[in-house]
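Enquirer: got a predicted structure here, sequence first:
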Amino acid sequence: MSAPIDVYWSEIDADDATLDRLQTLLSSEERAQAARFRHAPDRRRYIVRHGQLRVLLARYLDGAPGDIRFTRNRFGKPMPSQGDVRFSLSNSYGVALYAIARGFEVGCDIERRDPDFAYAPVADRLFSPSERSILGALAPEQRMITFFRCWTRKEAYAKGRGCGLSLALDQFDALPEGLDESLPDPCDGWSVRSFQPVPGYEAAVAAAGAAWSMNLQRCALPEVELRS
C-alpha cells in the first residue's frame with residue numbers, strides 16, 4: 001500500500017486583506033525575516049507562503065495555525081516540533097508548492113521555466129557528467145525544458161534529505177531512463193516524480209522508496225479559513 005504525499009500549489013500574489021490575515025499567524029522570527037526583504041513583492045510573497053503553510057499544517061496537526069512551532073535539523077531543515085508530520089516548501093515568482101507527509105521525509109521544488117535564464121553555467125557546475133551529456137545532445141528549446149526538469153528533481157531530493165549545502169549535486173543523476181523514477185546510487189533508494197502544476201512551471205517531489213502516491217491539488221488563498 002502506498003503512502004500518500006499531499007501536494008498543494010497556490011498563487012501567492014494576494015490582496016491586502018489576505019496578506020493581513022496571514023501575517024497575524026507568523027511567529028516573531030518569521031515577521032522579522034519578512035521585514036528583511038528589500039522589495040515589497042518579495043516581502044508579501046514570503047508572508048503569504050509561510051502563512052499559508054501554517055494553515056495547511058494546522059489541518060494535519062489539529063491545532064491553530066499561529067500556535068505551530070518548528071525545530072530544525074543541523075542543516076536547517078524545519079519540521080513541526082510535535083507529531084510526525086513532515087513538509088517541504090518551494091516557490092518561484094508568484095507560485096508556491098507545498099508537500100506534506102506523515103512519518104517520512106519529503107522534498108519538493110518548483111521553478112518557472114525562464115528561456116532567458118543562463119542555465120548552462122549552472123549545469124556545468126552542478127549537473128553530473130551524464131546529465132550534461134544528455135543536455136548537450138538536445139535541441140535548444142528541449143534543452144531548456146530538460147534543464148529545469150533535472151534541476152527541480154535535484155532540488156527536491158536535496159530538500160527531502162535535509163542535507164543543505166553538504167550534498168554534492170553533481171555526484172548523482174536525476175534524469176530518469178524511460179519511466180523509471182528511482183534515483184540511482186548513492187541516493188539510498190529515494191525516488192522523484194516530475195509534474196507541471198501550472199503552465200510554464202516545472203516541479204518535482206522526492207521521498208524515500210517508491211511506495212508513495214502524490215495527491216496534487218490547488219489551494220486557493222481566498223478560500224482559506226483561518227482557525228482561531
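Expert: In hand now; what should we look at?
Enquirer: pull out the buried residues from the helix or strand containing Ser133.
Expert: When elements are defined using DSSP states H and E, Ser133 is found to belong to helix 129-136. Neighbour counts using 16 or more other C-beta atoms under 10 Å place Glu131, Arg132, Ile134, Leu135 of helix 129-136 among the buried residues. Backbone N, C-alpha and C define where each C-beta goes, glycine included.
Enquirer: which helix or strand contains the residue nearest to Ala174 when sequence neighbours are not counted?
Expert: Computed as C-beta to C-beta, 6 or more residues apart in numbering, the closest residue to Ala174 that is not its neighbour in sequence is Arg153, at 3.9 Å. For Arg153, the enclosing helix or strand under DSSP H and E is helix 140-161.
Enquirer: tell me which residues in the helix or strand just after that helix are buried?
Expert: Of the helices and strands lying after helix 140-161 in sequence (DSSP H and E), the nearest is strand 190-195. By neighbour count on 16+ other C-beta under 10 Å, the buried set for strand 190-195 is Trp190, Ser191, Val192, Arg193, Ser194, Phe195.
Enquirer: quick one: contacts for the second one?
Expert: I take that to be Ser191. In this structure, Ser191 makes contact with Glu181, Ser182, Leu183, Ala206, Ala207, Gly209, Ala210, Trp212, judged by C-beta atoms under 8 Å, 6 or more residues apart in numbering.
Enquirer: understood, closing this out.
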